[in-house]
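> Next input, structure requested:
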Amino acid sequence: MPSQSENVTVVDPERATPDRVTSLTRFQKFAVATILATLLLVAFGGYTRGSGSGFGCADRWPLCEGGALGGVFPRAEFHMVIEWTHRWLAAGVGLLALATALLAWRDHRRDRRVLWPALSAVVLIGVQGYVGRVIVQRELDSDWVTLHLTMAMAITGLLVVGFVNSFFAGGRRPLALDAPDPAWSRWLAAGATVSLTVLLLGSSVHNRYVNGWPLVNDELVPDFTGWVVTLHTTHRVVAALGLLLLAYLATSVVRRHRPRVEVVLVHGALACYVVNVALGAAHVFTFVRSSGLVAAHLALASLVWAMLLTAAVLARRGDETAGGSDARGERTTRARVEV
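Next comes the predicted model:
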């Protein structure tokens, strides 16, 4: 019988389906707990700053000046209690990060993509503690406060990177991608970068109030002779660009048929961002007097950064394990079939 060649779809059993994640490992649980605790600490730090409690323990650190038992505990005064609580929350985050790093050493010491971010987070927390001391000594200098927040976001980023990478440890494939899409991971990285920039610019302008929203001083072309107006204008322009970029990402994540987890992360980030824009407007209209608004605004901005970074790292690692399969985990080969 004559023979002919035809396309035959052959299922590759090793790439047909992704490796299912049935439960989190102990390291992953601690990493999640530390990330959430860090975000809670950031939000409470925003409340502390917004309520004017940052100097509640005077210029003493880490204890409180005039507190009970030599400053170990606070007096029954609002600002002192808030600042004391903020400091002890920070200590709790440090202990969680240390436990996460120890678990990374125990379970992932051969995987530098998991180990080094976890260890680096602990070191950075120690440095951040010192920066907190300097902030108190400098009477809450706003530039040092922004540096403090920058370090908190870096710590969050390191923990996110280690957490996501742990799902790919040992050659596992938690995502089933038919082909790598490096452009997409770069878009996500750009979104995360812009969101972080907006967050840090917002911290810089916090104690430098100007009127008007969405236009600075209600002027289409503000007076740029003053650096405060220039800083506020930059913050709002970058925030608007960030909104457009997130809208693009939210449509692209569906159009590119990305995994569901990325869809949830990107759409969740967009939802938080939109709400945060409204909170930013409320900031201006209430003359930045609500400490609750400050905390919520900072919490959502931090959450956007964490979600977009998670999606970016996930997409990047997914690219490394993709290729050689179609959307159903099959590969097409050329075979000779006898007819």
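
> measure the residue positioned nearest the centre of the chain to residue 156 for me?
Nearest residue to the geometric centre of the chain (C-alpha atoms, centre = their mean): residue 306, 1.9 Å. To residue 156, residue 306 is 6 Å away according to C-beta to C-beta, to the nearest Å. (C-beta placed from N, C-alpha, C; glycine too.)

> circling back: my guess is the residue nearest to the centre of the chain contacts residue 34, does it?
No: taking C-beta atoms under 8 Å as the definition, residue 306 is not a contact partner of residue 34, at 11.8 Å.

> Next secondary structure after whichever strand or helix holds residue 202?
Using DSSP states H and E, residue 202 maps to helix 182-205. Using DSSP H and E, the helix or strand that follows helix 182-205 in sequence is helix 227-255.

> avg pLDDT for that following helix?
Averaging pLDDT along helix 227-255 yields 94.

> What residues of it count as buried?
For helix 227-255, the buried set under the neighbour-count rule, 16 or more other C-beta atoms under 10 Å, comprises 229, 231-233, 235-236, 238-239, 242-243, 245-246, 249-250, 253.

> for stretch 198-208, same thing?
198-206.

> Low-confidence ranges, this protein, go.
In the prediction, the chain carries residues with pLDDT under 70 at positions 1-22, 59, 176, 323-339.

> That one: strands as residue ranges?
Secondary structure of the chain by DSSP state E: the strands cover 3-11, 330-338.

> So which elements touch the helix holding residue 202?
If contacts are counted by 3 or more C-beta pairs under 8 Å, 6 or more residues apart in numbering; DSSP states H and E, helix 182-205 sits against helix 142-166, helix 227-255, helix 260-285, helix 291-320.

> let's see 7 Å
Using 3 or more C-beta pairs under 7 Å, 6 or more residues apart in numbering; DSSP states H and E as the contact test, the elements touching helix 182-205 are helix 142-166, helix 227-255, helix 291-320.

> Could you figure out how far that helix is turned away from helix 291-320?
Computed by axes from the mean of the first three to the mean of the last three C-alpha atoms, to 10 degrees, the angle separating helix 182-205 from helix 291-320 equals 160 degrees.
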